[in-house]
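Enquirer: Sequence first, predicted coordinates after that:
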Amino acid sequence: MRRRSSLLLYLLLNIIVSAATTLAVLALWDHYHAPALAIPPQAPAQGSVPALVLTSTEPVPTLPPAGERVIEIVSVIGAGDLQQESVLLRRLGDGNLLMTGWKLSGEHHNTFIFPAQPELILYKGGAVEVLTRAGDNTATAVYWDRDAPAWRSGETLILTDAAGNERSRYQIP
């Protein structure tokens, strides 16, 4: 009987510690990954109080000069196989890099454009994988939702920023 009560006490303690840890991780995640909420200012109606403008305290990433190496195409995996095909990109340099509007294109006119939503920001040393197949985007992987492979062996891929400047080039082996 004593063993059963000590096991029950151990299980109860484990549940409490797990719940507290989960809540702490979620609170930290919310604190550091709060979405930017912006309400555009409007001209106040006569006799009314001006509209409240809420903005994020996180700095907006800016685009580095065109000649600066900021990102590289590290590898292309599984070219020609829809289920395996992916391109790995890695952030070089300092600061944050907003990927909205960037394009990954090949010689056969296949082009992946990084969407505005969800907003993808690469941090210093960060990486993202662009998968050709369908799937749900995550913090480290974006899905193109194609039903056929996009890349071929020997093809050259070019990554351009939102302004159209070439940022990286890679030839698939």
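Expert: Ah, there it is.

Enquirer: Can you give me the pLDDT of the spatially most central residue of the chain?
Expert: Nearest to the mean C-alpha position of the chain, by CA atoms, centre = their mean, lies L120 at 3.6 Å. Per-residue confidence at L120 stands at 88 (pLDDT).

Enquirer: Surely it touches Y143?
Expert: No. L120 sits out of contact with Y143 when judged by CB atoms under 8 Å, with a separation of 12.0 Å. C-beta here means a position set from N, CA and C on the backbone, and glycine is covered the same way.

Enquirer: What's the local residue count around S75?
Expert: Taking other CB atoms under 10 Å as the criterion, the count of residues near S75 is 14.

Enquirer: Likewise for the one 3 residues further on?
Expert: A count of nearby residues for G78, using other CB under 10 Å, gives 15.

Enquirer: From S168, how far out is the residue nearest to the centre of the chain?
Expert: Using CB to CB, to the nearest Å, we find L120 at a distance of 16 Å from S168.

Enquirer: ok, then the element right after the helix or strand of the chain with the lowest mean pLDDT?
Expert: Sorting the helices and strands of the chain by mean pLDDT, DSSP states H and E puts helix 2-32 at the bottom, at a mean of 80. Using DSSP states H and E, the next helix or strand after helix 2-32 towards the C-terminus is strand 71-77.

Enquirer: Who are the packing partners of that following strand?
Expert: Helices and strands touching strand 71-77, as assessed by 3 or more CB pairs under 8 Å, 6 or more residues apart in numbering; DSSP states H and E, comprise strand 86-91, strand 156-160, strand 166-171.

Enquirer: which of those sits most buried?
Expert: With neighbours defined as mean count of other CB atoms under 10 Å, these peak in mean count at strand 86-91, which reaches a mean of 20.

Enquirer: show me where pLDDT drops low in this protein?
Expert: When residues are selected by pLDDT under 70, those of the chain lie in 1, 29, 31-62.

Enquirer: From V76, how far off is L131?
Expert: Per CB to CB, L131 is found 11 Å from V76.

Enquirer: joint contacts of the two?
Expert: Here L131 and V76 have E85, S86 as joint contacts, going by CB atoms under 8 Å, 6 or more residues apart in numbering.

Enquirer: re the thing from before, out of the helices and strands packed on strand 71-77, which gets nearest to R2?
Expert: Closest to R2 of the helices and strands packed on strand 71-77, according to CB to CB: strand 86-91, at 55.3 Å.

Enquirer: Which secondary structure elements does the helix or strand following the closest one sit against?
Expert: Where DSSP H and E defines the elements, the next helix or strand beyond strand 86-91 is strand 97-98. For strand 97-98, the packing partners by 3+ CB pairs under 8 Å, 6+ apart come out as strand 121-122.
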